[in-house]
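Q: Structure for the following, please:
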Amino acid sequence: MADLAHPTDRMTTRDATLDPTPRTLADGSAYAAVTFQPAPAPALVVQPPANWNGHFPGRKNGGLWVNMQNGMPWPVTIIVDVAAGEQHLKATVGLPPGPPQLFSMPLTATSPRAYGMQVGPPMPYMDGGKSRLVALFTEGAIDPQKITSITFSMPRPGAAQTVLFGKMFLIGDDGGLAGAYKGIVDRYGQFTRATWPEKIDSDAVLKKRASAAPNVSAPVGLDQFGGRTDMPAMQASGFFRVQKQGNRWWLVTPEGHAFFSLGVNAVNHTDGRTYVQGREFMFTAPPAAGAPFTGTGDSRSDNGSQHDNGLNHGLWWDVYANNIARTLGNDFETGWRKRTLDRLKAWRFNTLGNWSDPAFAGDKRMAYTVPILIKGDFNTVSTGYDYWGRMPDPFDPRFEKAAQQAVANATKGKADDPWLLGYFADNELAWAGQGPQGRWALAVGSLAQGPQSPAKQAFLAYLKKTHGDAPAFAKAWGINVTTWDQVAAQNFKAPDPNEAHPAIAADYIAFLKLYAGQYFKTVAQTLKKADPHHLFLGGRLAVRTPEVEEMSAQYTDVTSINTYTDLPEHGFDVAEFKTWDKPVLLTEFHFGSSDRGPFGNGVAAVANEDERGKAYAKFVDAAAASGIVVGTHWFQYVDQPVTGRILDGENAHIGLVGITDIPFEGFTRAVSGTNARVGGGGASGPGSH
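A: Alright, predicted model coming up:
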């Protein structure tokens, strides 16, 4: 143990002052006050006692424990750097104002991902009357038996900040990690250490609140599909179509009325699955194998979304379905669909977005969408950003055959359904890489493949046609090659574009257009042959380039884009689509907060629940005013599980309803008002929920 309350020559400061007189707190413990001055990285550096490492208790990896208290009335950021010679292990934590904290960190690298979720539980938390602050994220590596220093620093404070330090010691456990995650989920899948208005504590309350009927006025001025009869009529084809009227684009219902698609993604009663095996200690009432709403899965083969996610296989529990069954019985599918559609229509949504329960298609109450998921043994190309997998090679003849099969599967029984809005192709393909050169990743990745790659063959054919012989190509690119065989070879390293050789960027742009054009043309032609009546809604673009947007606009009826930004124009180039005079459907967006149970606040975070409704209105209003956006689809219907979905561990509060299937009344009320204003139908009732 080291008692930091009594300074010794083993404690030094950097741009900080150490008060030599200990302070005694109400509980009788002593602390030393360290004031961190405005500087780039003011610090307290502690060299542990000479015999500290020699008496290290327990296992190879242990934990560091320090008593600390924030001396300021606001939170401060502390960076803890544990050094063992040249090795370092670091953690960054927020130290809140208030009572003393027992801070702890494991002496090994970890993160919530190691525990199967993307975001860990909020810190600090109360444990037996003590406030514990655990570092859930540490990076680096040290030998815990050879610690030479522990540094506590701040990232450039704007003014002097005081922190109190007490006893510091090593302990042979996991640095408090198990306790930080223990018992965080109750029998309803709710976070146990917080309260919020929609949280419930009994089956009776759950049933009453989840079964409550929405209280809204009936919409007026809409056709049966949700089209606006208060606007000039357009051509009625019996199917959804797209048309420009005046200065703006619209979707058009089968009856010929303007339609702004207000959709929700993942409206699905199986969307609450979370792994239990290996982390049973996180649940106050974990289900046993074979219990209702459990199953087994294994995500370890996924090297993208699961590559660093621990506890990612074995027994899973569908918490959401379990809660639905508590209110509707085990045969709940029909009742759940009716209740859900009643809610969505009351909240003035008019479209079931991607990943929604296919059984909704039989209800004939709301427009729906269908994904075309192209799988097969065709060649793929890596862009380095392969979160959902590598890019399909559309030049491979096997891709066209796979597309034909995928289209046949997707269109079966759908070609004559007027309620079908249209089809998406795949989802968030890796059209680009990361970093400043990410735009060129697909071109560079194609050139890195061997001569058997269809994508590389297509690129080589373009280069030969453009430059003629290999020496001319080498000069244009500023590279040292003399034959085309050198370029065709496996692992050819293509250069980054540069000012001295503008041909590189020009050729990359041309090839990216060829690649995207080949993909969208293949899918479009295949789809229109199988189903000429319905819309091709594009590829749900996320990571993308200007070239893929341009080719999507050329070959699809509507370009679908997933963007998580405060405004649509901050997520895609509105001006370019106006130049191309092509419509856009924003097929994923959301705003999340961390004050309703799940720890994450989504891709687009706001401060609290009240701000979600305001952000929704701002985004949807701007989309409707753009003239080219024909709809917005919220992601997603239900909150993600506290312990993370089995797909990739995401655990965010981004839903219209909680994991208990209880709507978030304030948010859905705000959403209803926005949707009624943008989509027509009149104002929603004041009591909508």
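
Q: after the helix ranked longest in the chain, next one along is what?
A: Ranked by residue count, the top helix of the chain under DSSP state H comes out as helix 502-530. Counting by DSSP states H and E, the element after helix 502-530 in chain order, helix or strand, is strand 535-536.

Q: what's the very next helix or strand once past that following strand packed up against?
A: Counting by DSSP H and E, the element after strand 535-536 in chain order, helix or strand, is helix 546-555. The contact analysis (3 or more C-beta pairs under 8 Å, 6 or more residues apart in numbering; DSSP states H and E) places helix 546-555 against helix 502-530, strand 559-562, helix 574-580. (C-beta placed from N, C-alpha, C; glycine too.)

Q: What residues of the longest helix of the chain count as buried?
A: 503-505, 507-520, 522-524, 526-527, 530 (16 or more other C-beta atoms under 10 Å).

Q: follow-up on the earlier one: CSV please, covering the helices and strands packed on helix 546-555 and showing distance to G172 and mean pLDDT.
A: Below are the helices and strands packed on helix 546-555 laid out as CSV (distance: least, C-beta to C-beta, whole Å; pLDDT from 0 to 100):
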stretch, distance to G172, mean pLDDT
helix 502-530, 55, 98
strand 559-562, 47, 98
helix 574-580, 58, 97
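
Q: now those in CSV, with distance to G438?
A: Below are these laid out as CSV (distance: least, C-beta to C-beta, whole Å):
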stretch, distance to G438
helix 502-530, 12
strand 559-562, 17
helix 574-580, 19
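
Q: and of these, who's closest to Q101?
A: Q101 sits nearest to strand 559-562 of all the helices and strands packed on helix 546-555, at 39.6 Å, using C-beta to C-beta.

Q: got the CA positions of that closest one in CSV?
A: C-alpha atoms of strand 559-562 as CSV (Å, rounded to 0.1, in the frame of the first residue of the first chain):
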residue,chain,number,x,y,z
THR,A,559,-30.8,6.4,-53.9
SER,A,560,-31.0,5.2,-50.3
ILE,A,561,-28.5,6.7,-47.8
ASN,A,562,-28.0,5.8,-44.2
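
Q: which helices and strands does that strand pack with?
A: The helices and strands touching strand 559-562, judged by 3+ C-beta pairs under 8 Å, 6+ apart, are helix 546-555, strand 584-589.

Q: Could you single out the most deeply buried of the ones you listed?
A: Most buried of the helices and strands packed on strand 559-562, by mean neighbour count (mean count of other C-beta atoms under 10 Å): strand 584-589, with a mean of 28.

Q: List the pairing partners of that strand within its sheet, with orientation.
A: Strands that pair with strand 584-589, judged by DSSP bridges, come out as strand 559-562 (parallel), strand 629-634 (parallel).

Q: looking at this, A361 is in a helix?
A: Yes. Checked against DSSP: H, G, I helix; E, B strand; the rest coil, A361 lies within a helix.

Q: Leaving out sequence neighbours, find the closest residue to it.
A: Closest residue to A361 apart from its sequence neighbours, by C-beta to C-beta, 6 or more residues apart in numbering: Y368 at 5.5 Å.

Q: what's the longest helix of the chain packed up against?
A: helix 397-411, strand 420-425, helix 441-448, helix 454-467, helix 470-477, strand 535-536, helix 546-555.

Q: In contact with P568, which residues?
A: Counting by C-beta atoms under 8 Å, 6 or more residues apart in numbering, P568 touches 574, 586, 619, 622-623, 626, 629.

Q: one step back: between the helices and strands packed on helix 502-530, which one is closest to N350.
A: Closest among the helices and strands packed on helix 502-530, once you apply C-beta to C-beta, is strand 420-425, at 9.4 Å.

Q: List of residues touching that closest one?
A: Residues from elsewhere that reach strand 420-425 (C-beta under 8 Å, 6+ apart): 239-240, 251, 261, 351, 354, 361, 367-372, 374, 410-411, 414, 520, 523, 527, 531, 534-540, 557-558, 560, 587.

Q: and I659, how far is that from Q190?
A: Taking C-beta to C-beta, to the nearest Å as the measure, I659 falls 7 Å from Q190.

Q: what residues are shared contacts of these two?
A: 597, 642.

Q: that older thread, show me which of the contacts of P568 are buried.
A: Neighbour counting by 16+ other C-beta under 10 Å classes 574, 586, 619, 622-623, 626, 629 among those as buried.

Q: which of the residues you listed sit farthest apart?
A: Spanning the widest gap among the buried ones among the contacts of P568 are V574 and F619, at 13.2 Å by C-beta to C-beta.

Q: any chance of the buried ones among the contacts of P568 in JSON lines, plus distance to Y385?
A: As requested, the buried ones among the contacts of P568 are exported to JSON lines (distance: C-beta to C-beta, whole Å):
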{"residue": "V574", "distance to Y385": "24"}
{"residue": "L586", "distance to Y385": "21"}
{"residue": "F619", "distance to Y385": "25"}
{"residue": "A622", "distance to Y385": "28"}
{"residue": "A623", "distance to Y385": "26"}
{"residue": "S626", "distance to Y385": "28"}
{"residue": "V629", "distance to Y385": "26"}
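
Q: residues in contact with the spatially most central residue of the chain?
A: The structure's the chain has its C-alpha centroid closest to V603; by C-alpha atoms, centre = their mean the separation is 5.1 Å. Applying C-beta under 8 Å, 6+ apart, we find V603 in contact with 564, 590, 592.

Q: Got the phi and psi for the second one?
A: Which is H590. Per-residue torsions, H590: phi -170, psi 170 (degrees, to the nearest 10).

Q: Over to the last one?
A: Backbone geometry at G592, expressed as degrees, to the nearest 10, gives phi -120, psi 160.

Q: Tell me how many other residues surround it.
A: G592: 25 surrounding residues under other C-beta atoms under 10 Å.

Q: The second one too?
A: Using other C-beta under 10 Å, the number of residues around H590 comes to 25.
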